[in-house]
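K.L.:
Sharing a model that was predicted from the sequence below.
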Amino acid sequence: MGRTWLRPCAREIPFLSQLFPRPTLTYLNIHTHSQPPEGEQTIASFGLHPWHLNEEWPDQLKAVEKQIDQHIKSSSLPTAAFFPDLQAAAPSQPLPFFIGECGLDRLCPTPYDIQLDAFKAQIRLSEQLSRPLILHCVKAIDDVLQLKKGTRQPWIWHGFRGKPQQLLQLLNHGFYVSFGLHFNEASISQCPLERLFLETDDAPQSIVPLYEAVARRRFIAITTLQTQMWRNLKAVACR
Ligand SMILES: [Zn+2]
């Protein structure tokens, strides 16, 4: 009995999949320093990292602004190309890119006052250009929360490894949180999917194993996670 009952179902599966073909989803990597492999995509990001700052930072920031100008002018990709897995964004919407990574790091040798000045200038740039900010923060959360007050652009806390208590604090302050390969397991279980991003940062590797690990931990399909990441990008970059 069971076998005869199963037969029509087995025939229906390819039929249904033809009616509703599953698109091939791209893996969004929100922050990487490497060229992503085929099937993965990242978003351009322009800024001054706190590790590499010196007194010349105002000139370096001018160079960054020029790069941004060129990026906007020379990019031949339509905005819709960045949203292959969702209903395309309207072509008139600006090309998504981020300001950063930038921020504050109390453990790096760069003098803290230089870090603060350069970070404030990049916050202004993010607000002027209406682009989200990719944040690097090490042991400077109080200053970051203070500086975030009154800003309108989304901030993405990259490489988050903190515990759920700190995650909650960031969520309450409106942050998006990007998790890398070394995530805190309790935090990734508790982060709302609509505030979560994934990244490989400076690890020169595919992001697919990270998607697999997170999907497993959240008891969701990888495709659900992929779609949600693009939806989140749309939410931060096409406002
Ligand atoms: Zn990085």
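P.N.:
Received the coordinates, thanks. Residues are numbered from 1 along each chain as shown.
K.L.:
So what pairs up with Asp201 in the strands?
P.N.:
Counting by DSSP bridges, Asp201 is bridged to Thr32.
K.L.:
Walk me through which strands the longest strand seen in the chain pairs with, and which way each runs.
P.N.:
Taking DSSP state E as the assignment, the strand of the chain that covers the most residues is strand 98-105. Looking at strand 98-105 with DSSP bridges, its partner strands are strand 45-46 (parallel), strand 133-138 (parallel).
K.L.:
Show me the contact partners of it.
P.N.:
31, 43-51, 112, 115-116, 118-119, 122, 125-126, 129, 131-140, 143-144, 156, 158, 237 (CB atoms under 8 Å, 6 or more residues apart in numbering). To be clear about C-beta, it is placed using only N, CA and C from the backbone, and glycine gets the same treatment.
K.L.:
Just the buried residues of these.
P.N.:
Among the contacts of strand 98-105, the ones that count as buried by 16 or more other CB atoms under 10 Å are 31, 43, 45-50, 115, 118-119, 122, 125-126, 131-137, 140, 143-144, 156, 158, 237.
K.L.:
Just the ones of those in helices?
P.N.:
115, 118-119, 122, 125-126, 143-144, 237 (DSSP state H).
K.L.:
Can you report how many residues neighbour Met229?
P.N.:
23 (other CB atoms under 10 Å).
K.L.:
isn't it right up against Phe197?
P.N.:
Yes - with contact defined as CB atoms under 8 Å, Met229 reaches Phe197; the gap is 6.5 Å.
K.L.:
shared neighbours of the two, anything?
P.N.:
28, 30.
K.L.:
center of this protein, which residue is that?
P.N.:
The centroid of the chain falls nearest to Ile30 when counting by CA atoms, centre = their mean (3.1 Å).
K.L.:
Tell me how many other residues surround Phe97.
P.N.:
19.
K.L.:
Identify the residue nearest it in space, chain neighbours excluded?
P.N.:
Ala44 (4.2 Å; CB to CB, 6 or more residues apart in numbering).
K.L.:
Kindly report the same for Ala237.
P.N.:
Using CB to CB, 6+ apart, the nearest residue to Ala237 is Pro96, at 3.6 Å.
K.L.:
Double-check that that neighbour belongs to a helix.
P.N.:
No - assessed with DSSP: H, G, I helix; E, B strand; the rest coil, Pro96 is coil; it does not lie in a helix.
K.L.:
from what I can see it touches Gln41, true?
P.N.:
No - contact criterion CB under 8 Å: Pro96 and Gln41 do not qualify, at 10.8 Å.
K.L.:
end to end, how far does stretch 188-206 reach?
P.N.:
The straight-line separation of the ends of stretch 188-206 (CA to CA, to the nearest Å) is 19 Å.
K.L.:
Could you list the low-pLDDT ranges of the chain?
P.N.:
Applying pLDDT under 70 to the chain picks out residues 1-24, 74-95.
K.L.:
mind listing the helices for it?
P.N.:
2-19, 57-74, 112-129, 141-148, 164-172, 185-190, 208-218, 222-237.
K.L.:
Can you tell me which of the ones you listed is nearest to Ser178?
P.N.:
Ser178 lies closest to helix 222-237 among the helices of the chain, at 9.8 Å (CB to CB).
K.L.:
So which elements touch the closest one?
P.N.:
On a contact count with 3 or more CB pairs under 8 Å, 6 or more residues apart in numbering; DSSP states H and E, helix 222-237 meets strand 27-29, strand 196-198, helix 208-218.
K.L.:
Now do the last one: which elements does it pack against?
P.N.:
Packing contacts for helix 208-218, counted by 3+ CB pairs under 8 Å, 6+ apart, involve helix 185-190, strand 196-198, helix 222-237.
K.L.:
any idea of the angle the last one forms with helix 208-218?
P.N.:
Right, the one you point to is helix 222-237. 100 degrees (axes from the mean of the first three to the mean of the last three CA atoms, to 10 degrees).
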